[in-house]
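Enquirer: The following block contains a protein sequence and its predicted model.
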Amino acid sequence: RKEVEQDPGPFNVPEGATVAFNCTYSNSASQSFFWYRQDCRKEPKLLMSVYSSGNEDGRFTAQLNRASQYISLLIRDSKLSDSATYLCVVIGSGGYNKLIFGAGTRLAVHP
Amino acid sequence: NAGVMQNPRHLVRRRGQEARLRCSPMKGHSHVYWYRQLPEEGLKFMVYLQKENIIDESGMPKERFSAEFPKEGPSILRIQQVVRGDSAAYFCASSPLLAGGPTDTQYFGPGTRLTVL
């Protein structure tokens, strides 16, 4: 079983749509969780950290369910510029801040 | 404050040659991480270094790959006798050191795309 698993995608949605991505992780001792965004052939960029209480940043909302080992990202009012691959990321065990990446979910927003 | 810098951005090698990838962390950052992204796959952790120390190399292939982060100068990822399967994007990330340890946030460089012919 992969340490971090994501919806394979791709998600093709029209502008203005709401889209949700899911992610599960296998290590119950994981403490830190993130969503990164990666544009084609570029470096990953931190989108937001994910906290147990849930957090929101504009059109983006992230949720963490520790009991189910499940992370989600909700994007409201999708823009063309949201088209990218979204990476679910977990800090691995060992205390060395080793990032464990999911394979990513591709989002394509069309006019 | 310049971000994480990597060079070269693109590197072409023939099978059997050596590849050297360089990473300069952000100013004030003393922790460097290397990740590899194979085509159509997610990023995989390779190695975590502090100045003059390898802290975790659990993701490094056992042979042909080595990494260093000297007291002066950039971190180097070295691949000897490259094979076609080494073709990938290699990303470096850095994080600062605060009291109690490095922060979670890692800042990524633009990557080096290695092509092995």
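Expert: Thanks, I have the structure now.

Enquirer: C-alpha only now, for contacts and for neighbours.
Expert: Will do.

Enquirer: Any idea which residue is closest to the centre of chain B?
Expert: Chain B has B:Trp34 as the residue nearest its centroid, 3.3 Å off, counting by CA atoms, centre = their mean.

Enquirer: Spit out the contact partners of the residue nearest to that residue when sequence neighbours are not counted.
Expert: Residue nearest to B:Trp34 in three dimensions, not counting chain neighbours: B:Cys92, with 4.5 Å by CA to CA, 6 or more residues apart in numbering or on different chains. Contact partners of B:Cys92, counting by CA atoms under 8 Å, 6 or more residues apart in numbering or on different chains, are B:Val4, B:Gln6, B:Cys23, B:Val32, B:Tyr33, B:Trp34, B:Tyr35, B:Phe108, B:Gly109, B:Gly111.

Enquirer: try 6 Å
Expert: Residues in contact with B:Cys92 (CA atoms under 6 Å, 6 or more residues apart in numbering or on different chains) are B:Tyr33, B:Trp34, B:Phe108, B:Gly109.

Enquirer: picking up where we left off before, for the residue nearest to the centre of chain B, which residues count as its bridge partners?
Expert: Bridge pairing for B:Trp34 (DSSP bridges) gives the partners B:Val47, B:Cys92.

Enquirer: helices and strands of chain B: which one has the lowest mean pLDDT?
Expert: strand B:101-102 (a mean of 50; mean pLDDT, DSSP states H and E).

Enquirer: Count the residues that sit near B:Val60.
Expert: No, residue B:60 isn't Val; it's Met. 19 (other CA atoms under 10 Å in any protein chain shown).

Enquirer: near chain B, which residues of chain A?
Expert: Within chain A, the positions adjacent to chain B are A:Glu43, A:Phe101, A:Gly102, A:Ala103 by CA under 6 Å from any CA of the partner chain.

Enquirer: switch to 10 Å and redo it
Expert: With CA under 10 Å from any CA of the partner chain as the criterion, chain A meets chain B at residues A:32-34, A:41-46, A:49, A:87-89, A:91-92, A:94-104.

Enquirer: could I have stretch B:56-69 exported to CSV, CA atoms only?
Expert: Provided in CSV are the C-alpha atoms of stretch B:56-69 (Å, rounded to 0.1, in the frame of the first residue of the first chain):
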residue,chain,number,x,y,z
ASP,B,56,18.8,10.7,6.2
GLU,B,57,19.7,9.0,2.9
SER,B,58,17.1,6.3,3.1
GLY,B,59,15.7,7.2,-0.4
MET,B,60,19.0,7.1,-2.2
PRO,B,61,19.7,4.2,-4.5
LYS,B,62,22.5,2.1,-3.0
GLU,B,63,24.9,2.4,-5.9
ARG,B,64,26.0,5.3,-8.1
PHE,B,65,24.3,8.1,-6.2
SER,B,66,25.9,10.3,-3.6
ALA,B,67,25.2,13.7,-2.1
GLU,B,68,27.0,16.3,-0.1
PHE,B,69,26.5,19.7,1.4
